[in-house]
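S.K.: have a look; sequence and predicted model below, questions after that.
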Amino acid sequence: MTQPFDIADPSLATGGKLRIDWAEQEMPVLRQIRERFSREKPLKGVRISACLHVTTETANLMATLQAGGADVVLCASNPLSTQDDVAASLVTHYEIPVYAIKGEDKATYFSHIEAALNHKPQLTMDDGADVVSELHKNRRELLQYVIGGTEETTTGVIRLRAMAADGALMFPVIAVNDSSTKHMFDNRYGTGQSTIDGIVRATNILLAGRVVVVAGYGWCGRGIAARARGMGAQVIVTEVDPLKALEALMDGYAVMPMLEAAKVGDIFVTATGDINVIDRHHFEVMKDGAIVCNSGHFNVEINIPALEQLSVGAPKLVRPFVQQYLTKDGRKINLLGEGRLINLAAAEGHPASVMDMSFANQALAAEYMLRNADKLEKRVYSLPAEVDQEIARLKLEAMGVHIDTLTEEQFNYLNQWQEGT
Ligand code: ADE
């Protein structure tokens, strides 16, 4: 590899490649797109700076973009989510420059984003909007090269829509998260399973009979609550939105304010996208031994400085990814994964089968952006519904599931208004 890169250990590449190939088996939709991209080269010569969680699934997306002719570099979208063996394989086997080291500090994290931006991207690919934000704040001289961008996650889309509303966004961005084949599956089933996976890998606790408090009942919260219940936990949901709170209630969960839930919860998971959802006054009433973690994009949902202030001395690392705080009144509170996304910090993120659809959307969004950029304004777009439908169709086909089609009679019935009772 002649271009610069910054990874933990190139000697991990062989193991990384095996795991990337393993994930590929579970990504049939992305594989089909890769085959077409190899033939048609829709991204020929296009410089892409991607800022995503460096996982086996992301590696398969990078290979797909590369097959489409793109010139790709990759940096991490979170300091703790990088799989170092995958980074090594991408550099060694795919010749893709990667800037990502698991556990990197904040300064290194941002230096890696800078390195990815030095690639002078024509297309940005974000998970959390850090590349777009950095470009607009500190690297405006590079804006001239950018045709457009894509964004993976809810938090990033919220940031980008705020930028567009401010008139600050300087190029169009496709919100991959808007696609139904993304948020209905990745956010719900992906986050649901991988969050439980992260908690269990970090702690090895039994969930059956425990009280799990889920903060936020968006797509991610719904998934986490459903899977925690499936493991035998009693689930409490906290919400600020009356509609979502009502939905949680009718889905069968207890609903109450966090201050009440804080007194009875054994395990707390935040998935709101907002700041200080678990705050000082919540820590003050938690039970001895409480476990607290986050599954939202940024590590702002748990007020860690407040926990530090309530505690004596530095936290003790009692297991990998488990920091135990001792409060001044003698309770132990366990923080998982430094308050970062627990599913990627302590586990491997969403399984490949669900990332198959998310990253099919990413690959097709990149292609769509290049084809349509001249017609698009400087705002946030969703992919057309037909793309969503096609991804769902391909996924079902790959899973060997057949569905019905409308008869002519049924089609006509749905398209008339005369016939009623
Ligand atoms: N986000 C959540 N899970 C992920 C995964 N496995 N790969 C990339 N991004 C993710």
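M.R.: Ah, there it is.
S.K.: now the element after the helix or strand where residue 135 lies, going C-ward?
M.R.: Assessed by DSSP states H and E, residue 135 sits inside helix 130-138. On the C-terminal side of helix 130-138, the closest following helix or strand by DSSP H and E is strand 148-151.
S.K.: which SSE is immediately downstream of that following strand?
M.R.: With DSSP H and E, the next secondary element past strand 148-151 is helix 154-165.
S.K.: whichever helix or strand comes after that following helix pairs with which strands?
M.R.: Using DSSP H and E, the helix or strand that follows helix 154-165 in sequence is strand 173-175. Partners of strand 173-175 in the sheet, by DSSP bridges, are strand 148-151 (parallel), strand 380-381 (parallel).
S.K.: what's the longest one in contact with?
M.R.: By that I understand strand 148-151. With contacts defined as CB atoms under 8 Å, 6 or more residues apart in numbering, strand 148-151 is touched by 123-127, 129, 131-132, 157, 160, 171-177, 362, 365-366, 369-370, 373, 376, 380. No exception for glycine: its C-beta is placed from N, CA and C like everyone else's.
S.K.: quick check: PyMOL command selecting the buried ones in the residues you listed.
M.R.: To isolate the buried ones among the contacts of strand 148-151 in PyMOL, judged by 16 or more other CB atoms under 10 Å, type:
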select buried, resi 123+124+125+126+127+129+131+132+157+160+171+172+173+174+175+176+177+362+365+366+369+370+376+380
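S.K.: re the thing from before, to residue 345, which of the strands paired with strand 173-175 lies closest?
M.R.: Ranking the strands paired with strand 173-175 by their distance to residue 345 (criterion: CB to CB) puts strand 148-151 first, at 21.5 Å.
S.K.: just to be sure, residue 124 is in a helix?
M.R.: No - Residue 124 is assigned strand when assessed by DSSP: H, G, I helix; E, B strand; the rest coil, not a helix.
S.K.: so it sits against residue 133, correct?
M.R.: No - in this structure residue 124 lies outside contact range of residue 133 using CB atoms under 8 Å: 10.3 Å.
S.K.: ranges for the strands of the stretch 1-150 of the chain?
M.R.: Along the stretch 1-150 of the chain, counting by DSSP state E, counting those that start in this stretch, strands occupy 6-7, 47-52, 71-76, 98-100, 123-126, 148-151.
S.K.: near the ligand, which residues of the stretch 151-300 of the chain?
M.R.: Within the stretch 151-300 of the chain, the residues that sit near the ligand (CB under 6 Å from any ligand atom) are residue 190.
S.K.: need the strands for the stretch 151-300 of the chain, in chain order.
M.R.: 173-175, 211-215, 234-238, 254-255, 267-270, 290-294.
S.K.: quick check: closest non-adjacent residue to residue 32.
M.R.: Nearest non-adjacent residue to residue 32, counting by CB to CB, 6 or more residues apart in numbering: residue 394, 6.3 Å away.
S.K.: and the helix holding residue 135, what does it pack onto?
M.R.: Under the contact definition 3 or more CB pairs under 8 Å, 6 or more residues apart in numbering; DSSP states H and E, helix 130-138 sits against strand 47-52, helix 106-117, strand 123-126, strand 148-151, helix 154-165.
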